[in-house]
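K.L.:
sequence and predicted structure, then a few things I'm wondering about:
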2 protein chains.
Amino acid sequence: MTAATAPDLLALDRAAQDLLFRAARTANTFTDEPVTDAQVAAIHDLIRYGPTAYNGQPLRVLVLRSAAARARLLPHLSSSNRAKTASAPLVAVLAADVDFHERLPELYPHRPQARDWLADRATRVEQARFSATLQIGYLLVGVRAAGLAAGPMAGFDAAGVTREFFPDGRHEALLVMNVGRPGPGSWQDRLPRLTTEDVVQTL
Amino acid sequence: MTAATAPDLLALDRAAQDLLFRAARTANTFTDEPVTDAQVAAIHDLIRYGPTAYNGQPLRVLVLRSAAARARLLPHLSSSNRAKTASAPLVAVLAADVDFHERLPELYPHRPQARDWLADRATRVEQARFSATLQIGYLLVGVRAAGLAAGPMAGFDAAGVTREFFPDGRHEALLVMNVGRPGPGSWQDRLPRLTTEDVVQTL
């Protein structure tokens, strides 16, 4: 199995493979073309079908559009992430709703008792973080499906962002993501990827 | 913004949207058509380009093909998940490599000191779980890109699976996923999804 033949074993056509994975890159600069609310809704409308445990869908997305909202975020980012975040057309704080279980009677109606399985907050935090992180994976694919580039950033103070934007105590910030059209000098060289031999083992 | 117009705002064509999200479903039964090693490699070759923190790529995939390996897994699954897992063409245990930092000098060569930022095991476990879970999101999309159905299962004893299959102490099992072509009666009714208004808030 070589990379040259792998694309042909997939049902997804090569242009879509390139759009979502092979040619897609993490953007570090952006043009000033806006990302509209309609685009955000279209992305969410696509990725909301991705599976989550108990169909709980704990991901919540806080879009920071105003200068004032952006200014509240910047101090919580590592210094190397501030300039690109200040200039990105759209910045989203991606968080898990720790009390997602409240909606399970509606979202998982065939087992309404699932809500009670999650009565313990620590269990719920773990489940909320896991499923919301899966959903962030789908969301990143969805941003690319809209022809946009995502700039997910690990370098931020998650506890600080949670306190600043979610003082209700029911959400946990997981990731900050810039979204837009890539600008000049947006790409670094593609970093190396592990091979199938590195990652997959068969018993 | 309605669901009827949302697909047209995306660059990804409608057939691909359906293949990956809109028509894709979690499978509960499978045909006996095999999932080949070449298909597994093609899926990994696609999704390995998805971004991870520090480009660390901590996801590891343990494919259980032999009856003996399958038998070691079944006792750790909830009873409702055993029959479908016993009969799925391919079962994968998806795990995070907690010592993924050892390869950062190769995978993140412009900042070789990143390895040292992750010297603390608790920090590393959190990072490994987060990035590997993002990668599971990409993997689920990749399985669908291969024209296959995924059956991710939350109902299993993660600590038990970790002890059984990763006694080295450097991996944590995150999810068990069945993969194959959907069989008769594979679908339940589509469960309700949250709306954009439920999930996205703008500041």
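P.N.:
The structure has been received and is ready for your questions. This one's a predicted model, so the numbers in the text were calculated from it and none came from an experiment. Numbers count the residues shown, from 1 in each chain, chains lettered A, B, ... in the order given.

K.L.:
just the endpoints, please. Distance across stretch A:52-65?
P.N.:
Across stretch A:52-65, the terminal residues are separated by 28 Å (C-alpha to C-alpha, to the nearest Å).

K.L.:
buried ones in it?
P.N.:
Of the residues in stretch A:52-65, A:52-64 count as buried by neighbour count, 16 or more other C-beta atoms under 10 Å in any protein chain shown. In this view, the C-beta of every residue, glycine as well, is placed from N, C-alpha and C.

K.L.:
and chain B, which of those residues contact it?
P.N.:
A:53-55, A:57, A:59-64 (C-beta under 8 Å from any C-beta of the partner chain).

K.L.:
now, the most widely separated pair of these?
P.N.:
A:54 and A:64 (29.5 Å; C-beta to C-beta).

K.L.:
what's downstream of the helix or strand containing residue A:159, the next helix or strand?
P.N.:
Element membership of residue A:159, judged by DSSP states H and E, is helix A:158-165. Per DSSP H and E, helix A:158-165 leads on to strand A:171-180 as the next helix or strand towards the C-terminus.

K.L.:
before we move on, the earlier item: mind putting the ones next to chain B among the buried residues of stretch A:52-65 into CSV with secondary structure?
P.N.:
Output for those, formatted as CSV (DSSP: H, G, I helix; E, B strand; the rest coil):
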residue, secondary structure
A:53, helix
A:54, helix
A:55, helix
A:57, coil
A:59, strand
A:60, strand
A:61, strand
A:62, strand
A:63, strand
A:64, strand
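
K.L.:
so can I have TSV of the residues you listed showing pLDDT?
P.N.:
Shown next, in TSV, are these (pLDDT from 0 to 100):
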residue	pLDDT
A:53	95
A:54	94
A:55	96
A:57	98
A:59	98
A:60	98
A:61	98
A:62	98
A:63	98
A:64	96
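
K.L.:
I'd assumed residue A:96 was in contact with residue A:174.
P.N.:
Yes. Counting by C-beta atoms under 8 Å, residue A:174 does reach residue A:96; the two are 5.9 Å apart.

K.L.:
give me the residue from chain A nearest chain B.
P.N.:
Of all residues in chain A, the one sitting closest to chain B is residue A:137 (1.8 Å; C-beta to the nearest C-beta).

K.L.:
that residue in helix, strand or coil?
P.N.:
Secondary structure of residue A:137, per three-state DSSP, is helix.

K.L.:
okay, helices next: where are they in chain A?
P.N.:
A:14-17, A:37-47, A:67-73, A:79-87, A:104-107, A:114-117, A:121-145, A:158-165, A:196-199 (DSSP state H).

K.L.:
looking at those, which is closest to residue B:105?
P.N.:
Here helix A:196-199 is closest among those (C-beta to C-beta), at 15.0 Å.

K.L.:
give me the helices and strands touching that closest one, please.
P.N.:
Other elements packing on helix A:196-199 under the criterion 3 or more C-beta pairs under 8 Å, 6 or more residues apart in numbering or on different chains; DSSP states H and E are helix B:37-47, strand B:59-64.

K.L.:
how far does it sit from its chain's centre?
P.N.:
Offset of helix A:196-199 from its chain centre (C-alpha atoms, centre = their mean, to the nearest Å): 25 Å.

K.L.:
tell me which residues of that helix are tucked away?
P.N.:
In helix A:196-199, counting by 16+ other C-beta under 10 Å, buried: A:196, A:199.

K.L.:
then stretch A:27-44?
P.N.:
A:27-30, A:35, A:39-44.

K.L.:
remind me which residues of chain A are low pLDDT?
P.N.:
A:1-5 (pLDDT under 70).

K.L.:
picking that back up, in JSON lines: the helices and strands packed on helix A:196-199, plus distance to chain A.
P.N.:
Shown next, in JSON lines, are the helices and strands packed on helix A:196-199 (distance: least, C-beta to the nearest C-beta, whole Å):
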{"stretch": "helix B:37-47", "distance to chain A": "4"}
{"stretch": "strand B:59-64", "distance to chain A": "4"}
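
K.L.:
can I get the ones you listed in TSV including distance to residue B:124?
P.N.:
Listed next are those as TSV, based on distance: least, C-beta to C-beta, whole Å:
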stretch	distance to residue B:124
helix B:37-47	22
strand B:59-64	14
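
K.L.:
if anything else comes up later, I'll come back, but that's it for now.
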